[in-house]
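Chemist: coordinates only, sequence not included:
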């Protein structure tokens, strides 16, 4: 090798070192600067969100079509949804949007502990949402409120026994929470700041899931108690009306015999029997007043719950996906990797999370508040 070639080789080597030195670890090799990386990431996220909007739009169109063709079906089946649970989940997700936006600002200001806390709060809200949803799903499965042909008519007066659906849904979260508790013990035993920052929010989210389960059970118990109380009064009123009918029947017997010889007496029919059910089942007032009560039949009511499980189930899957990505952000935030030049991942995940919350804001009134 000549001296000139050695000089060029040495110069290229130094240029490479300078380029490597000017290229920080958080900046991907195919980007020139932080602004280009941020803009590219934001563009990619918006394109992804457009595909998500198109995906959910198909389900919303199916909802609009079937509701327009069968409004009485949707009105009848919506009465079996617990508005309190839906409202609680709506409030939880709205608060999670606030904490997620706060996390983006904390990342820009290098407030690392606040960033971890806000991401952990968002994760905890998501866990509460899923806990409440687990109670809601399990209760409907036990009543036979299933999609399609698996739907069980609710006026028949009999349902299957408790099959432990809630326990089944809580099995995996319980295992994950147990493992996170063991990880938290390890973090505090080793006095590792990094592991403590990661284990704390994750374990809190696991506990929040079961807090959501307890909250959902409490609200469901209140709903059942109010229905049972209302059913007791309704049956008492029906029985009282039957007694009054008997007391007046003898007084009017002579008139009936005089004016309409041989006319058979019309027996009193309970609302449940009138709607195709058994006489010993409680029928809520909204069910009695529902026009075309034959919508309770399996082939029609199952249509509503098919759409319900499809839309809310896919939304729950998106919640789970968001929780996984937020957990990844917590790990990076615990390492203090985010700052004013590199906060794109937090911002992009925040956009995704706001879309998930926004979709639920539409799902809640369309499914739970049908009148």
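Modeler: Perfect, thanks for sending it. As the structure is a prediction and not an experimental result, all values here were calculated from the model.
Chemist: switch to C-alpha atoms for all contacts and neighbour counts from now on
Modeler: OK.
Chemist: what strand or helix carries residue 44?
Modeler: Using DSSP states H and E, residue 44 sits within helix 34-69.
Chemist: quick one: mean pLDDT over the helix or strand following that helix.
Modeler: Per DSSP H and E, the first helix or strand lying C-terminal to helix 34-69 is helix 71-78. Here helix 71-78 scores 87 as its mean pLDDT.
Chemist: what packs against helix 71-78?
Modeler: Where contact means 3 or more C-alpha pairs under 8 Å, 6 or more residues apart in numbering; DSSP states H and E, helix 71-78 is packed against helix 298-334.
Chemist: give me the mean pLDDT for the helix it packs on.
Modeler: For helix 298-334, the per-residue pLDDT averages 92.
Chemist: which secondary structure elements does it sit against?
Modeler: helix 34-69, helix 71-78, helix 112-143, helix 193-251, helix 344-368.
Chemist: for the third one, buried residues please.
Modeler: Of the residues in helix 112-143, 112, 114-143 count as buried by neighbour count, 16 or more other C-alpha atoms under 10 Å.
Chemist: what of the last one?
Modeler: For helix 344-368, the neighbour count (16+ other C-alpha under 10 Å) marks 344-357, 360-361, 363-364, 366-368 as buried.
Chemist: please apply the same query to the first one.
Modeler: When burial is assessed from 16+ other C-alpha under 10 Å, helix 34-69 yields the following buried residues: 34, 37, 38, 41, 42, 45, 49, 60, 63, 67.
Chemist: ok, the first one to residue 48 distance?
Modeler: Yep, that's residue 34 we're talking about. For residue 34, the distance to residue 48 (C-alpha to C-alpha, to the nearest Å) stands at 21 Å.
Chemist: equivalent analysis for the second one, please.
Modeler: In this structure, residue 37 lies at 17 Å from residue 48, with C-alpha to C-alpha as the measure.
Chemist: where does residue 3 land on pLDDT?
Modeler: Value listed for residue 3 in the pLDDT field: 45.
Chemist: so that it lines up with my notes, have the first residue be 29 from now on.
Modeler: All right, first residue 29 from here; so that's residue 31.
Chemist: for the closest residue to residue 385 other than its chain neighbours, grab the count of nearby residues.
Modeler: Of all residues not flanking residue 385 in the chain, residue 121 sits nearest, at 5.8 Å (C-alpha to C-alpha, 6 or more residues apart in numbering). By other C-alpha atoms under 10 Å, 24 other residues sit near residue 121.
Chemist: do residue 352 as well
Modeler: 13.
Chemist: residues contacting it?
Modeler: Applying C-alpha atoms under 8 Å, 6 or more residues apart in numbering, we find residue 352 in contact with no residue.
Chemist: give me the below-cutoff pLDDT ranges for the stretch 79-228 of the chain.
Modeler: Counting by pLDDT under 70, the ranges of the stretch 79-228 of the chain that qualify are 183-190.
Chemist: again, only this time at 90
Modeler: For the stretch 79-228 of the chain, the stretches with pLDDT under 90 are 97-105, 107-108, 170-174, 176-192.
Chemist: the stretch 229-378 of the chain too?
Modeler: 248-331.
Chemist: so who does residue 363 touch?
Modeler: residue 222.
Chemist: which ones are touching the closest residue to residue 69 other than its chain neighbours?
Modeler: Nearest residue to residue 69, sequence neighbours excluded (C-alpha to C-alpha, 6+ apart): residue 372, at 6.9 Å. By C-alpha under 8 Å, 6+ apart, the residues touching residue 372 are 66, 69, 70.
Chemist: quick one on the thing from earlier: show me what the helix holding residue 72 is packed against.
Modeler: Looks like helix 62-97 contacts helix 326-362, helix 372-396 (3+ C-alpha pairs under 8 Å, 6+ apart).
Chemist: of those helices, which is nearest residue 130?
Modeler: Taking C-alpha to C-alpha, helix 372-396 is the member of the helices and strands packed on helix 62-97 nearest to residue 130, at 9.6 Å.
Chemist: rewinding a little: among the helices and strands packed on helix 326-362, which comes closest to residue 214?
Modeler: Nearest of those (C-alpha to C-alpha): helix 221-279, 8.3 Å.
Chemist: wait, residue 239 sits on residue 158?
Modeler: No: if you go by C-alpha atoms under 8 Å, residue 239 and residue 158 don't touch, sitting 10.3 Å apart.
Chemist: which residue, other than its chain neighbours, is closest to residue 380?
Modeler: residue 77 (7.0 Å).
Chemist: again but with residue 359, I slipped
Modeler: Nearest to residue 359 is residue 226, by C-alpha to C-alpha, 6+ apart, at 5.9 Å.
Chemist: distance of that neighbour relative to residue 333?
Modeler: Taking C-alpha to C-alpha, one finds residue 226 at 39 Å from residue 333.
Chemist: tell me which of the two has more neighbours.
Modeler: Taking neighbours as other C-alpha under 10 Å, residue 226 and residue 333 compare with residue 226 leading, 25 against 22.
Chemist: now for the more buried one: which residues touch it?
Modeler: If you count contacts by C-alpha under 8 Å, 6+ apart, then residue 226 has 358, 359, 362 around it.
Chemist: next: residue 164.
Modeler: So residue 164 contacts 110, 113, 244, 248 (C-alpha under 8 Å, 6+ apart).
Chemist: now the residue lying closest to the last one once chain neighbours are set aside: phi and psi?
Modeler: It stands for residue 248. Among residues not flanking residue 248 along the chain, residue 110 sits closest, at 7.6 Å (C-alpha to C-alpha, 6+ apart). Main-chain dihedrals, residue 110, degrees, to the nearest 10: phi -90, psi 110.
Chemist: kindly report the same for residue 220.
Modeler: phi -90, psi 120.
Chemist: for it, give its distance to residue 205.
Modeler: 20 Å.
Chemist: who's more crowded, these two?
Modeler: Taking other C-alpha under 10 Å, residue 220 and residue 205 do not tie; residue 205 has more neighbours (20 against 11).
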